[in-house]
Structure formats: structure tokens, C-alpha cells
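Asker: build me a structure from this.
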Amino acid sequence: MKRFSKVLITMLSLLLLFVVPQMAFAISDEEFAADEQYYKDLCFGTISSVNQDTCQSFSKYLDNKVKSQQSSVKDLELEIDDIQANITEYVGQIQAMETEIEAMEAEIVTNEKEVERMEANIQELNLLIEERQAEIDALDESIKERMASMQPSLYINSDISFLFGAKDFSDFLRRSSVMNLVTNFDQEQIGVVTAMREQLKSEQDEVARQQQLLEETIVNTMIQKDLVEVAKSNVEIIVVEYKKQEAELLEKQMAAQGAMQLSQSERNNVSKGLKDLAARLEEERKKAEQSGGDTSNVGTGDGWIFPVNGRFYISAGSWYYPASFGGGIHYGVDMAASMGTPIVSTGPGIVIKSYQGCPSVGYLGSTCGLNNNWGGNQVITVVQMPDGLYALTYAHLTSVAVSDGQIISKGSTLGYMGSSGNSTGSHLHHEVMYLGNYDLTEYLNNVWSGSIHFTPNGAWMTMSWRCEVKGAPCRVNPQHHYGVAVGASY
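Answerer: Down below sits the predicted model:
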């Protein structure tokens, strides 16, 4: 019995040696999160049987992580909906204010024309008054001369003094009527003078009334101009606020897309896309070999050219919009020209992604674009340059002239300038990313994660990915890269 007990204890001890370590070394989600890259290297691709249990746990961790990210994306979508509702309200206010401003400006033009008309009328009245005054002065002088000529025929000189001492013409008329010394002709002349004086007084009153009306009109015009300026200022404030929310919305939208690309289904789609891309590259290589060309790679560019084939000017610079546009983040440079201007590849390479599903003319707040990225119709390429590979984005096109996987040369037409997506005028939004000193085929087959953001984990390149603060892959300042200045033409 004692021997059996010893055997039993020995067997239990051996059993614990196998069971306890497995329980003690179970890996928690916190440990997976702290060293994700290690477990990705361990479990991606061919999995060893020794690591099977660990990778199954890691798979569950990734599934839970995807669910958590999906929940976060839904929360972001709700927040984006709220911001878009605010933007819609702001756009409505802007449109209402613009209509009001147009009405005010039309009223100001009408008032200014009325002021001009009144001033002309006043000038005419002043001329008439001067003419009436001249006629009255002439009649006054004629009557006085006539009366003076009658003085010898009068018997009493004091009577003449009495007549000429009248205070006004009415008094003069009464005195002359009493004395019966003035002829009927003189009385008629005095009546004419009296009527002309009354007409002059009426015209003077009309001039005074119109002068007062003119002054009131001018004051009202000035007040309306002030109201227009205040309304315009309010519109500018709303536009600035809209731009700030627009930048925040864009940043959140890009971050949400980057997070969603970590989901298992999207990762599978990326893997399939990589295989398809490798097959297309191989097909292009074989076609080139058949034509006798050297297709060991697509060639290396001998220098950069502008992406706009024609005259253009820089409407917005890199990293930040100007304060007048809200000062939000701007990852590219905006090159403005007329609608339909050809957009060309700045170097030799391949089309990674092209998208044409948006109207050629968009509007502020439109999310139309690749994965609803606001960029409208667009092309994304990777080009081979002497110092390595660059990824380039060409956005807001009116139409696209290339397809996914197409080999392109320096100067190849990619599409045509437009205003699709989140845009209010014809321009090209152009972004530049440095991927590192790789051969194009090597990069696509062995390095690229399959993400159009060109980061190892598919995350969006925020401002922290600028080349001046980190190495490849990183964002290049396209304004400095091409040596262009905001407001300048090229």
C-alpha cells in the first residue's frame, strides 16, 4: 500500500510538471499588446507546431482587437455625422448671408443712383432760382425807374418818399393804390413780380426738401454699407469655423480608415491585391521582354518634373492652410489651373491605385473619393528615382487616364485636372511620400504592406510622419520638394 502511494505521488508530480507550466505561461492580451510585432513575426506565414497554441491565442487576441476597432470606428462615424450636420448648417447660413449681401448691394446701387438724380435735380432748381431772381431784380429796377420818372408830375415830393418807403411790394401796392399814382400797367407788373416771388419761395422750399431727403438717403446708404461689411465679416467667421471642422473631420476620417485596414478581412484583401499586383508586374515584364526591351525594372527617373503639364499657380501650400482658410492641416500642395489641364507622372513607375467614381465638379464637404477619402477622382503611383522610391497622390481630377498596375513613364498622362470631391475650384491636390532606397520590384514584393497609406501597419501618415522628424516611410513637403511658393505661377 505504501509502495502504491509512492507510485501515485510520483505520477501526480510528473503530471503537474506538464500541466502547471502551461497554466503558468498562458499569455495575456496585455502581453500580446506590449510586443505585437514579435508575435506577428512568429505567427504570420508558416506556423510551427511548437507555436500552435500561442498563435491560436494570438489569433483570438487579434479578433478581439478587430471587434474593438470596429466599435471605435462606429463611434467615430457617429461623431463625424454630428460634425457633418454642423457643416451643413454652416453652409446654409453662408448661402443665406450671401443672398442677403447681394440684396443689400443692389439696394446700395439703387440709392447711389437716386442720390445722383437728386443732385442733378437740385442743380437744375438752383439754376431756375437764379433765373427767377434775375427777372425779379430786372422788374424791380424797371418799376423803380418808372416811378422815378413820374416824380416831376407829382405835386408833393413827400408822397414819392412815402411810396418808396414801403416795406415790401404788397405795402408798396397798398400805398400806390391809395394815392392812385401808379398806372394799370405798373400794377400788372407788380402782380407779376409778386407771383414770381411766390414761385421762387415754392421752388426754394422744394430745394430744401430735396436737400433734406438727399441727406437722409446718404445716411441710409452709409448704414447699409456698414451692414454689408458686418454681414461679410460674419460669413468669413463661419467659413473659418467650417475649415477648422473640415480639417478635424478629414483627420478623423483618415485615422478611422487606417484602423479599419487592420481588420482581418481587409488584411486578406490586401494580400490578394499584392498577389494580383505581382502577377500584373510579371505580365508587363514578359510583354516588354517579348518586344525586346530591358524590363529588369521600370527604369530610374533622371529628375523630377511638375505634375501639371501647363501653366499653373500655387493656391495653397503644404502642412497648413492659411489662416483665411481656417489654418487646418494640409498634407499636400494645391496647384490650380483650368479644368482639363493634363496631369502627368513626375517619374517612371507604376499605378498602385486609380479611382473614378465622382462627378467632375464636387463641393465643400463632399466625401466622394477612394474609400470616401474626400479626394474625388484620383491616382496613386509609386515612382523610381535616383535616391529611392516615392509614392505620389494626384487628387480632385475630372477624369482618370490610367488603370491599376499600369507601368508609366516620366511625363505619362495620368488624368486631367478637375474639381471632384471636397473641392470648390479646379486644382490638383498633390502629396509626396518617401518610401526608402528600394528597387521597385523588391519593394512591392517584399516590403509593401499593401496599404495605400504606405505604412507597415496600414495606418494613416499623420503630421508625426514628416520626413523632417522621422525616416522612411515619411511625408515629404511637396512645396519644398518642387521649390514652389504660394501665390506664384509656374
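Asker: so the protein: which segments form each domain?
Answerer: 2-72, 296-482 (automatic domain parsing).
Asker: how distant is the last one from the center of its chain?
Answerer: If you compare the mean C-alpha spot of domain 296-482 with that of the full chain, they lie 19 Å apart, counting by Cα atoms, centre = their mean, to the nearest Å.
Asker: as CSV, the domains of the chain with mean pLDDT would be great.
Answerer: Putting the domains of the chain into CSV (pLDDT from 0 to 100) gives the following:
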stretch, mean pLDDT
domain 2-72, 57
domain 296-482, 90
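Asker: so residue 383 makes contact with residue 394?
Answerer: No. With the criterion set as Cβ atoms under 8 Å, residue 383 and residue 394 do not qualify as a contacting pair; they are 11.7 Å apart. Glycine gets a C-beta too; all of them are placed from N, C-alpha and C.
Asker: more neighbours: which of the two?
Answerer: For residue 383 versus residue 394, the count of surrounding residues by other Cβ atoms under 10 Å is larger for residue 394: 29 against 26.
Asker: contacts only, for the more buried one.
Answerer: Taking Cβ atoms under 8 Å, 6 or more residues apart in numbering as the definition of contact, the neighbours of residue 394 are 307, 343, 378, 379, 380, 381, 414, 415, 428, 429, 430.
Asker: what pairs with the closest residue in space to it that isn't next to it in sequence across the strands?
Answerer: In space, not counting the residues next to it along the chain, residue 394 is nearest to residue 379; the distance is 4.7 Å by Cβ to Cβ, 6 or more residues apart in numbering. Counting by DSSP bridges, residue 379 is bridged to residue 354, residue 394.
Asker: residue contacts, residue 379?
Answerer: Neighbour list for residue 379: 343, 351, 353, 354, 355, 393, 394, 397, 400, 402, 414, 415 [criterion: Cβ under 8 Å, 6+ apart].
Asker: same thing but at 7 Å, please
Answerer: When contacts are counted by Cβ atoms under 7 Å, 6 or more residues apart in numbering, residue 379 is found next to 351, 354, 394, 400, 402, 414, 415.
Asker: from those, pick the one nearest residue 91.
Answerer: Within those, the smallest distance to residue 91 is 27.0 Å, found for residue 394 (Cβ to Cβ).
Asker: farthest pair within the contacts of residue 394?
Answerer: Going by Cβ to Cβ, the pair spanning the contacts of residue 394 furthest: 381 and 429, at 14.4 Å.
Asker: how far away is residue 92 from residue 365?
Answerer: Using Cβ to Cβ, to the nearest Å, one obtains 11 Å as the distance from residue 92 to residue 365.
Asker: neighbour count: the two, which is higher?
Answerer: Neighbour totals were compared for residue 92 and residue 365, and residue 365 leads with 17 against 10 (other Cβ under 10 Å).
Asker: what distance do you get for the nearest residue to residue 414 once chain neighbours are set aside to residue 428?
Answerer: Distances taken as Cβ to Cβ, 6+ apart place residue 379 nearest to residue 414, at 4.6 Å, with adjacent residues excluded. Using Cβ to Cβ, residue 379 is found at 10 Å from residue 428.
Asker: ok, now residue 400?
Answerer: Distance, residue 400 to residue 428, using Cβ to Cβ: 13 Å.
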